[in-house]
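Quick one, structure for this:
(chains A and B)
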Amino acid sequence: MRLHCAPEGTRIRIIEISGAHHLQRSLSLLGIQIGDIVHVQRRVPYGGPVLIGHRGTQVALGRSLAEQVHVEPVD
Amino acid sequence: MFNSVAGYRSMTANFPGVTVHYTRSRIQLGSQIAELIDLPGAYSLTAFNRAESATRDFLWHGEIDAVVNVVDASVLSRSLELTLQLLELGLPVVVCLNMMDEARRKGIRIDSRKLSEQLGVPVVETIAAEGVGIHDLFRTVWQLPRRPAPPPRPSSYHRDTEAAIADLSCWLRPNMTAPECMSSRLLAIKLLEGDEHLLGMASAATRERTTSARNDLAEARGRPAEEVIESERHALSMQLFESCAEVTHAVKDLRDRLDLLLTHKVWGYLFLGGTLIAFFGMVYGTGSLLEPVILRLFDGATTAAATRLNANGLGVTIITGLLQGLAGGVAIVLPYLLPFLIGMAILEDVGYLPRVAYLMDSLMHRMGLHGIAIVPAILGYGCNVPAVMATRILTSARDRFIAAVISTLVPCSARMTVIFGLVAFYLGPLWAVLIYALNIAVVAGSGKLLSTIMPEGSPGLILEVPPYRLPKCWVVLSKTWLRLREFIVVAWPVLIGGSVLLSLAEHYRWDIVVNGTLVPFTTLLGLPEAVGTTLIFGILRKELSMIMLMQALGTSHVVSVMTASQIVVFTLFVTFYIPCVATLTALVKEIGWKLTMSVAAYSLAAATLIGLVGRAVLP
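Residues are numbered from 1 along each chain as shown, chains lettered A, B, ... in the order given. Have a look, this model is predicted:
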């Protein structure tokens, strides 16, 4: 599953970040890495961004970037 | 943090990227005067945007006695990654754990003594917004040993990474071309990470050596060298965090529930609309209440002055100009500007703007930009100059250019006073709303146009959304004052000077020449001939065109000499035409001469076209 499809209110694990290294680097600067479990807080429909939470940090991720993040549901 | 020591001098807000250049201040430290420098916030010493590179360049080239690393304690684990890099600089460092209250709320308990032992540098806990721990912090800084500093304990990477670093730094030591104060170890690390800026400065031999070292490391570890180093640094800071901090349950409070509501796909947008209406309603309500009262006072003064003095003398001309300039500032600009600035400061400090960026992301995508580009645009409603500068938070040059252009089209508070003071005041607030709506359409259209011309894709939104914070009264007031002072010190003298100049021009009939030259233009828009000079002055400061309009027409009751449609066309033109001198200067700095000139030409063309359409459509 890709991040932009993850339903609101669920917890997911990041398993892969495809595409340019840029995204992986930016996320890592915000403290989010492959293998981390994050909380999908909000999602704007119609090509909007996703709002994720991880260790007290909230990050808004645009749709095109969320599409590059491969995730799996937790619990 | 900086402001609590140096007085409110540096702009702050509750989102990353507000400070894009550094602010200096002198402070009394013990018995000596020290220079304190506030650098833009950075996540890493590898620069991703221009604000971060300002920070990095300063750290490498600046003459620094000590570094105060202000860390957000509530996100300690990732903040430590920057701390680890700062330690590599080889400068004396004090780590300041700020926002300890926020960390406690998130359930993070930090053993700062242990952290200090592990890092090998002093660690001080603070809550800067409440002034807690500031004194301690500076006492610690004061007690730091002078240079040369004892080398702080370097973080150690994996053995093969360390070997690669040691190898490269050994080679670099005799061949250093980089900043002298930078340790060869840090330089080696940054080169291994593939830092483009540094590689660009390096000699061909160094570049070759770096490439082979990067390849070796990548081959040994099966992933690119920068990923190896980054993930090791990440792991190091996680280890540090886990050994010094304990995470218990976060306290769920009203803010979390509020946030879920305000980012909701329906309620979020309704709230956003409501906020904007309430905001401008508040500005208009306060302004329109005060404007007529103060205006009447000045009218009385002008008449009194005219009857006292010889009615046609030069003295009365100058005094009338002076009074009208003063009146323009006090009666027309301030009543709208002051509530606007206070409201803006509150919105910024609460932390609502990043939520707006999140909500507006898909809309901004239609313009070929992404959500963060809304931040300069929103700042543009205050003043276009900081808006143009704020475009530095965008990573791609193309996005920066488009965002800079659209933020200059946003009506700043000076233009707002024209819209409110003329159109809303004489024709009703609905007309002002229409002008704002039209402006948003033009801004969106221009964004779309530019992104069609420059089709390269936008890198997409990636933005940290900070928690809501209750704005501190002193911060809001100081921030308002900082911006208001800009108006009083810079703009008002220009307003008064311009007003006097226009009086003199009228007295000696120079204005006829200017107006005469502009006749084809003013008749094209169906405006009175006397308006010509005011449009020229408006390029200096946008408020000037309105204040001088009253003077050029010889009355502050504009409606008695101009028709409703003329007022609207005039305001439309003033709203869109050539950015003011200050904005043009900022633009030149960000995008260069040529592009700035084309922006000016574009806005002039757009303004003329909109004015013409306005003239044709309005009765």
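
How about the contacts made by A:Leu51?
A:40-43, A:58-61, B:263, B:358, B:465 (C-beta atoms under 8 Å, 6 or more residues apart in numbering or on different chains). Where you see a C-beta, it was placed from the backbone N, CA and C, and this is true even at glycine.

How about B:Leu525: what's its closest non-neighbour residue?
B:Gly611 (4.6 Å; C-beta to C-beta, 6 or more residues apart in numbering or on different chains).

Could I get the buried residue list for the helix or strand bottoming out on mean pLDDT in chain A?
None of the helices or strands of chain A scores lower by mean pLDDT, DSSP states H and E than helix A:21-29, at a mean of 79. Within helix A:21-29, the residues that count as buried by 16 or more other C-beta atoms under 10 Å in any protein chain shown are A:23-29.

Tell me the helix or strand right after the lowest-mean-pLDDT helix or strand in chain B.
The least trusted helix or strand in chain B, going by mean pLDDT, DSSP H and E, turns out to be helix B:2-6, with a mean of 59. Downstream of helix B:2-6, the first helix or strand assigned by DSSP states H and E is strand B:23-29.

Just the C-alphas of that next one, formatted as PDB.
Below are the C-alpha coordinates for strand B:23-29, written out as PDB (Å, rounded to 0.1, in the frame of the first residue of the first chain):
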ATOM      1  CA  THR B  23      20.300  39.400  13.200                       C
ATOM      2  CA  ARG B  24      23.100  40.800  15.300                       C
ATOM      3  CA  SER B  25      22.800  42.300  18.700                       C
ATOM      4  CA  ARG B  26      25.200  43.400  21.500                       C
ATOM      5  CA  ILE B  27      24.500  42.100  24.900                       C
ATOM      6  CA  GLN B  28      26.000  42.600  28.300                       C
ATOM      7  CA  LEU B  29      27.600  39.400  29.400                       C
END
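
just checking, what packs against that strand?
helix B:2-6, strand B:32-38, helix B:134-143 (3 or more C-beta pairs under 8 Å, 6 or more residues apart in numbering or on different chains; DSSP states H and E).

Would you tell me which of those gets closest to chain A?
Closest to chain A of these, according to C-beta to the nearest C-beta: strand B:32-38, at 20.9 Å.

Can you say which of the helices and strands packed on strand B:23-29 is nearest to B:Asn98?
Nearest to B:Asn98 among the helices and strands packed on strand B:23-29 is helix B:134-143 (9.2 Å), distances taken as C-beta to C-beta.

returning to that earlier point: including distance to chain B, could the buried residues of helix A:21-29 go into TSV?
Shown next, in TSV, are these (distance: C-beta to the nearest C-beta, whole Å):
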residue	distance to chain B
A:Leu23	7
A:Gln24	7
A:Arg25	7
A:Ser26	5
A:Leu27	7
A:Ser28	6
A:Leu29	4
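
Just list the residues touching B:Asn98, thanks.
Contact partners of B:Asn98, counting by C-beta under 8 Å, 6+ apart, are B:1, B:70-73, B:126-128.

do that again at 6 Å, thanks
Contacts for B:Asn98 (C-beta atoms under 6 Å, 6 or more residues apart in numbering or on different chains) come out as B:70, B:126, B:128.

Ramachandran angles for the nearest residue to the second one once chain neighbours are set aside?
Among residues not flanking B:Thr126 along the chain, B:Gly133 sits closest, at 3.4 Å (C-beta to C-beta, 6+ apart). With angles defined as degrees, to the nearest 10, B:Gly133 sits at phi 80, psi 0.

do the same with A:Pro73
phi -70, psi 150.

burial measure for it, as a count.
Residues lying near A:Pro73 (other C-beta atoms under 10 Å in any protein chain shown) number 12.

Just list whatever residues bridge to the nearest residue to it once chain neighbours are set aside.
Closest residue to A:Pro73 apart from its sequence neighbours, by C-beta to C-beta, 6+ apart: A:Ile12 at 5.7 Å. Here A:Ile12 sits in beta bridges with A:Val38, A:Pro73, going by DSSP bridges.

Below-threshold pLDDT in chain B: ranges please.
For chain B, the stretches with pLDDT under 70 are B:1-22, B:28-31, B:47-51, B:62, B:145-155, B:175-182, B:309-313.

So it: which segments form each domain?
B:2-143, B:267-617 (automatic domain parsing).

now for these, which one comes closest to B:Ala204?
domain B:2-143 (21.6 Å).

Just give me how far the closest one sits from the chain centre.
Domain B:2-143 sits 20 Å away from the centroid of its parent chain (C-alpha atoms, centre = their mean, to the nearest Å).

May I have the least confident helix or strand of chain A as CSV, with CA atoms only?
Taking C-alpha atoms only, helix A:21-29 is exported to CSV below (Å, rounded to 0.1, in the frame of the first residue of the first chain):
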residue,chain,number,x,y,z
HIS,A,21,16.8,10.2,-2.3
HIS,A,22,15.7,13.8,-1.6
LEU,A,23,12.4,12.6,0.0
GLN,A,24,14.1,10.0,2.2
ARG,A,25,16.6,12.6,3.3
SER,A,26,14.0,15.3,4.1
LEU,A,27,11.9,12.8,6.1
SER,A,28,15.0,11.7,8.0
LEU,A,29,15.8,15.3,9.0
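
where exactly do the strands run in the stretch 351-500 of chain B?
Using DSSP state E, counting those that start in this stretch, the strands assigned to the stretch 351-500 of chain B run over residues B:462-465.

before we move on, back to that, from B:Arg159, how far off is the residue nearest to B:Leu525?
Per C-beta to C-beta, to the nearest Å, B:Gly611 is found 71 Å from B:Arg159.

sorry, back to before: thought B:Glu125 was touching the residue nearest to B:Thr126, still the case?
Yes - using C-beta atoms under 6 Å as the test, B:Gly133 is close enough to B:Glu125 to be in contact (5.5 Å).

That concludes my questions; thank you for your assistance.
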